[in-house]
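>>> here are the coordinates; sequence isn't available:
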Ligand SMILES: NC(=O)c1ccc[n+]([C@@H]2O[C@H](COP(=O)([O-])OP(=O)(O)OC[C@H]3O[C@@H](n4cnc5c(N)ncnc54)[C@H](OP(=O)(O)O)[C@@H]3O)[C@@H](O)[C@H]2O)c1
């Protein structure tokens, strides 16, 4: 199977490098500088998005939400019968469907811990997606961590806990020892993330998976990374995003649960 990845930035490049160990991967990015280091024995670079799509069975879109509409206009007519996976935060399957009418669509929300293969990865699918597609996508994203299929209506809650959660952990971890961080994860983060997940609509089983995977993946990334907790926090907390909304609550003395709820509220506002 040949996998095409549109957008070779933070997330697209992590996904491309990992998947290229198992599949043929073709990438394209409108920023030519990013592509300079992309070509390896296993990753090839397309000359355009259209050429990439023509040559791929599965397409992963990893561009920022604000670049999404322009991209969809460009590729609208060439995705017929293709399996398209979107990673863009806040862009609903319905919104994508309006432009990519004849594609089989999947939406995923990973967190940054996919960098160390310990990510929390939420997957929501449209009704055109076949059983076989689900198997393929599950197999693919299991390489990056724990996969959970969810109803799309839970995506904002998933973004708040699994996506922004690592940012809240790094906020705590900034001036702490490893022992203190571990205690915080066990005594504060995991119980509160689990309870919040349940209150937002996840089952108890799912809530435990989300809370533990987010905590363990964040710790692993911190320990394995050359970056400090502050640097990792900055990578996650994009301006005006869900993590920033939660961090503001924490800065003002709010609880972790309140931070999750603020992040979920921001995810709702950003969704379309
Ligand atoms: N970073 C995270 O932790 C995280 C977590 C979960 C989900 N996501 C989602 O993942 C997506 C990508 O995030 P990121 O942090 O990897 O962004 P990023 O580093 O900005 O990478 C996106 C790349 O796509 C390029 N691009 C934009 N429009 C394009 C087009 N029409 N055709 C080809 N390439 C195009 C951009 O080029 P220019 O720079 O020239 O615009 C940029 O190089 C976002 O939608 C985000 O919501 C990110």
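Cool, got the structure. This one's a predicted model, so the numbers in the text were calculated from it and none came from an experiment.

>>> and the residue of the stretch 101-250 of the chain that's closest to the ligand?
Relative to the ligand, the nearest point of the stretch 101-250 of the chain is residue 112 (4.4 Å; C-beta to the nearest ligand atom). Yep, even glycine has a C-beta here, placed from its N, CA and C like the rest.

>>> likewise for the chain?
Residue nearest to the ligand within the chain (C-beta to the nearest ligand atom): residue 9, separated by 1.8 Å.

>>> do I have it right that that residue meets residue 27?
No. Using C-beta atoms under 8 Å, residue 9 is not in contact with residue 27; the gap is 10.6 Å.

>>> what does the stretch 151-272 of the chain put close to the ligand?
Within the stretch 151-272 of the chain, the residues that sit near the ligand (C-beta under 6 Å from any ligand atom) are 163, 236.

>>> re the thing from before, thinking the residue of the stretch 101-250 of the chain closest to the ligand is in contact with residue 237, fair?
No. Shown here, residue 112 and residue 237 do not form a contact pair, counting by C-beta under 8 Å, at 10.8 Å.

>>> what about the helices in the stretch 151-272 of the chain?
For the stretch 151-272 of the chain, the helices defined by DSSP state H, counting those that start in this stretch cover 155-158, 165-173, 178-184, 190-199, 204-224, 229-236, 242-251, 256-270.

>>> reformat these as JSON lines; add mean pLDDT and mean neighbour count.
Converted to JSON lines, these look like this (pLDDT from 0 to 100; neighbours: other C-beta atoms under 10 Å):
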{"stretch": "helix 155-158", "mean pLDDT": "96", "mean neighbour count": "25"}
{"stretch": "helix 165-173", "mean pLDDT": "98", "mean neighbour count": "26"}
{"stretch": "helix 178-184", "mean pLDDT": "98", "mean neighbour count": "14"}
{"stretch": "helix 190-199", "mean pLDDT": "98", "mean neighbour count": "20"}
{"stretch": "helix 204-224", "mean pLDDT": "98", "mean neighbour count": "20"}
{"stretch": "helix 229-236", "mean pLDDT": "95", "mean neighbour count": "18"}
{"stretch": "helix 242-251", "mean pLDDT": "97", "mean neighbour count": "21"}
{"stretch": "helix 256-270", "mean pLDDT": "95", "mean neighbour count": "20"}
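
>>> want to throw the ones you listed into a markdown table with distance to residue 52?
A markdown table is the format used below for these (distance: least, C-beta to C-beta, whole Å):
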| stretch | distance to residue 52 |
| --- | --- |
| helix 155-158 | 26 |
| helix 165-173 | 30 |
| helix 178-184 | 41 |
| helix 190-199 | 36 |
| helix 204-224 | 29 |
| helix 229-236 | 26 |
| helix 242-251 | 29 |
| helix 256-270 | 27 |
